[in-house]
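>>> fold the following and give me the result.
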Amino acid sequence: MSSTENVVAQKYDRCLADLLVKTGVGFGVGVLASVILFRRRTWPIALSSGFGMGAAYADCDRSFNPARVPGTRILPQVEQTK
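Here you go, the predicted structure:
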């Protein structure tokens, strides 16, 4: 594999790991909220897992497209004449 393929593969691996971790944390928070606050309803689990997936998606999107980070600007490269 070329170095570009390795970079893309590493980004995908990081995104997948981030998705699993954030979804798992959201699931855990949802279970705790469901048991403690909402009398064992299922919607807090789905909602917090969805928040975790959304946060992971946003981080992955920023990883693959850094131009979408708020507050950053991509400046065009100025060619130097000789």
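>>> residue ranges with poor pLDDT in the chain?
Residues of the chain meeting the criterion pLDDT under 70: 1, 82.
>>> what about the helices in it?
3-36, 43-64 (DSSP state H).
>>> export those to CSV and tack on mean neighbour count?
C-beta: built from backbone N, CA, C; applies to glycine. Putting the helices of the chain into CSV (neighbours: other C-beta atoms under 10 Å) gives the following:
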stretch, mean neighbour count
helix 3-36, 14
helix 43-64, 16
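>>> which of these sits closest to residue 72?
Residue 72 sits nearest to helix 43-64 of all the helices of the chain, at 9.9 Å, using C-beta to C-beta.
>>> show the contacting residues for the residue nearest to the spatial centre of the chain.
Nearest to the mean C-alpha position of the chain, by C-alpha atoms, centre = their mean, lies residue 56 at 2.0 Å. Contact partners of residue 56, counting by C-beta atoms under 8 Å, 6 or more residues apart in numbering, are 15, 18, 19, 21, 22, 23.
>>> how close does the closest residue to the fourth one other than its chain neighbours sit to residue 30?
Nearest in space to residue 21, with sequence neighbours left out and distances taken as C-beta to C-beta, 6 or more residues apart in numbering, is residue 56 at 7.8 Å. As defined by C-beta to C-beta, to the nearest Å, residue 56 lies at a distance of 15 Å from residue 30.
>>> ok so, going back, how far away is the residue nearest to the centre of the chain from residue 22?
Residue 56 sits 4 Å away from residue 22, taking C-beta to C-beta as the criterion.
>>> also residue 80?
Noted for residue 80: a distance of 44 Å to residue 22, by C-beta to C-beta.
>>> go on, residue 29?
Distance from residue 29 to residue 22, by C-beta to C-beta: 11 Å.
>>> got it, and residue 35?
Taking C-beta to C-beta as the measure, residue 35 falls 21 Å from residue 22.
>>> which residues are in contact with stretch 10-27?
If you take C-beta under 8 Å, 6+ apart as the criterion, stretch 10-27 is touched by 45, 48-53, 55-57, 59-60, 63-64.
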